[in-house]
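K.L.:
need a 3D model of the following:
(one chain, ligands or ions: 1)
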Amino acid sequence: MALTGKEIQEMHQTYVMQSWSKSGAPALPIDHAEGIYFYDCDGKKYADMSSLMVNANLGHQLPEIVKAIKEQADKMCFMAPAYATEPKSRLAKLLVEVAGADHYQRVFFTNGGAESNENAIKMARMFTGRTKIFSCYRSYHGATLGASNASGDWRRFAAEIGGANGFVKFMNPHMYQDGYTRGKDDAICTKKAIDALDLQLRYEGPEHVAAIIMESIVGANGVILPPEGYMEGVQALCRKYGILLICDEVMAGFARTGKMFAWQNFDIQPDIITCAKGITCGYVPLGACIVSKEIAAFFEEHVLQCGLTYSGHTLACAAGVASVQYYLDHDICTHVMEMEQVLKPFLEKMVEKHKCVGEARCIGLFAALEIVKDKENRVPMQEYGEHGPVMPAIMAELKKRGFSTFGRENNVNVCPPLIITKAELEEYLPILDEVLTWVDETYC
Ligand code: PLP
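P.N.:
You can find the predicted model right below:
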């Protein structure tokens with residue numbers, strides 16, 4: 001007999017360890033999901049304005065993905081990594097083509113984002129024979145040991161107990177928080193950041209640095225759009241010192257920014273692309289490292305000391321083929337750019353209208369509002385590292401009204417499924433406006 005919502009919640013509360021939280025708090029029991037919506041066990045409907053963890057890029061229960069999973073499940077759920085299977089071969093080829101077959105050659109499959117970064121770091125160390133990994137403070141790369149040590153936000157601290165060696169952090173620019181004006185100060189902001197990184201690399205000894213790993217566009221830490229020229233500047237330093245550039249596309253990839261990969265918004269060419277989330281939209285967990293021809297050739301001569309029981313999981317790859325094919329067949333990138341024309345002006349209006357909104361950042365359907373308590377002096381609603389009650393209260397107010405999203409530090413993220421329609425955006429965005437009015441009145 002099926003459990004009631006209350007039973008599901010109580011059992012979760014008693015037996016489940018909750019990510020990034022103290023255990024034992026009640027979690028909302030969810031029953032089903034479809035399109036841009038999910039429904040709790042009391043039948044209440046929520047518009048999924050964050051694509052859950054910015055992974056449900058094609059929304060929920062997309063028939064094409066569900067069908068591919070069902071058909072594959074009927075035939076063969078899993079085959080070991082040593083064997084070739086149709087979904088794995090197809091997906092590897094598709095990913096190389098989407099990334100650019102002139103530069104990329106092979107794919108190593110994982111089970112998610114952290115594992116993709118973990119393995120990319122290992123590959124970079126093997127390929128270069130160097131140890132150090134540079135990464136940004138304003139970043140998140142996953143929760144396994146290496147990926148955590150590469151991450152910059154507070155979620156790395158537990159992994160730093162005992163730690164992993166060779167991880168070096170640098171401060172990536174955040175134009176708004178650093179006091180710059182986008183569109184006016186980009187050159188100076190970029191120059192300052194690149195000069196500082198160059199100096200830091202020289203102090204660390206660039207000949208010891210295997211890779212710089214960066215989110216192409218920082219996601220969970222607030223959809224931080226780099227100043228113009230910054231990513232190109234980082235790439236130039238990599239080239240100058242023989243350092244690999246790993247672009248973490250776990251959150252920003254798969255049409256989120258209107259390009260299949262977010263790095264394609266810049267004039268750069270990463271050596272390794274790591275991805276997960278939107279590769280299957282979460283229907284089955286999957287991640288991947290897409291490597292350049294040069295790295296692929298290296299591992300034709302050297303043993304790849306990376307391996308996972310579920311590398312290239314058959315069911316997951318079937319979901320991956322269906323997802324990637326859907327992005328391409330339905331030209332989701334073009335749709336995203338059309339929807340950006342609805343979302344971006346709305347968010348900019350929120351900046352003009354609300355005392356609590358300092359800045360809106362939006363590229364494609366990847367957006368965040370910077371919530372401030374003193375707009376004139378750009379004072380964030382919560383300082384970095386302050387885990388106060390305000391942001392959770394904002395999230396709760398939104399959720400109460402059927403608008404589900406997440407926010408961290410002082411950002412409210414708006415990253416709906418990429419299949420969202422103009423009518424759906426126009427129906428739900430006014431809820432955000434209403435809650436921001438409440439924030440103005442309550443906290444500013
Ligand atoms: N990299 C980025 C940019 C992410 O946003 C995340 C998760 O949010 C990860 C890596 C880790 O992915 P996973 O949770 O699938 O291990």
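
K.L.:
what sits against the residue of the stretch 251-400 of the chain found nearest the ligand?
P.N.:
In the stretch 251-400 of the chain, the residue found nearest to the ligand is Met251; the distance is 3.6 Å by Cβ to the nearest ligand atom. The C-beta positions use only the backbone N, C-alpha and C, and glycine is treated the same way. Going by Cβ atoms under 8 Å, 6 or more residues apart in numbering, Met251 touches Val54, Asn55, Gly113, Glu215, Gly219, Ala220, Lys277.

K.L.:
ok, and which of those reach the ligand?
P.N.:
Gly113, Glu215, Gly219, Ala220 (Cβ under 6 Å from any ligand atom).

K.L.:
which parts of the helix or strand that contains Ala158 are buried?
P.N.:
Following DSSP states H and E, one finds Ala158 within helix 157-160. Buried positions in helix 157-160, judged by neighbour count with 16 or more other Cβ atoms under 10 Å: Ala159.

K.L.:
what comes into contact with that helix?
P.N.:
Against helix 157-160 from outside (Cβ under 8 Å, 6+ apart): Ala143, Leu145, Ser148, Asn149, Ser151.

K.L.:
residues of the stretch 1-150 of the chain that sit close to the ligand?
P.N.:
Going by Cβ under 6 Å from any ligand atom, the residues of the stretch 1-150 of the chain near the ligand are Met53, Gly112, Gly113, Ala114, Asn117, Tyr140, His141, Gly142.

K.L.:
and these, which is closest to the ligand?
P.N.:
Among these, and counting by Cβ to the nearest ligand atom, the member closest to the ligand is Gly113, at 2.2 Å.

K.L.:
give the contact list for that closest one.
P.N.:
His141, Gly142, Ala147, Asp248, Val250, Met251, Thr274, Cys275, Ala276, Lys277, Gly287.

K.L.:
in helices, which of these fall?
P.N.:
If you go by DSSP state H, the contacts of Gly113 have Ala147 in helices.

K.L.:
any chance of CSV for the contacts of Gly113, columns pLDDT?
P.N.:
Shown next, in CSV, are the contacts of Gly113 (pLDDT from 0 to 100):
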residue, pLDDT
His141, 98
Gly142, 97
Ala147, 96
Asp248, 98
Val250, 98
Met251, 98
Thr274, 98
Cys275, 98
Ala276, 98
Lys277, 98
Gly287, 98
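
K.L.:
which positions within stretch 315-323 qualify as buried?
P.N.:
So stretch 315-323, judged by 16+ other Cβ under 10 Å, has buried residues Leu315, Ala316, Cys317, Ala318, Ala319, Gly320, Val321, Ala322, Ser323.

K.L.:
nearest to Ile243 among the residues you listed?
P.N.:
Gly320 (29.7 Å; Cβ to Cβ).

K.L.:
with adjacent residues omitted, what lies nearest to the closest one?
P.N.:
In space, and not counting its chain neighbours, Gly320 is closest to Leu91: 4.5 Å by Cβ to Cβ, 6 or more residues apart in numbering.

K.L.:
if I look at that neighbour, how far off is the ligand?
P.N.:
Using Cβ to the nearest ligand atom, to the nearest Å, we find Leu91 at a distance of 17 Å from the ligand.

K.L.:
now the strand or helix carrying that residue: average pLDDT?
P.N.:
Element membership of Leu91 [criterion: DSSP H and E] is helix 86-99. Helix 86-99 carries an average pLDDT of 98.

K.L.:
other SSEs contacting it?
P.N.:
strand 104-110, strand 287-292, helix 314-329 (3 or more Cβ pairs under 8 Å, 6 or more residues apart in numbering; DSSP states H and E).

K.L.:
kindly reformat those as CSV containing distance to Asp198.
P.N.:
As requested, the helices and strands packed on helix 86-99 are exported to CSV (distance: least, Cβ to Cβ, whole Å):
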stretch, distance to Asp198
strand 104-110, 27
strand 287-292, 23
helix 314-329, 37
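
K.L.:
noted, bye for now.
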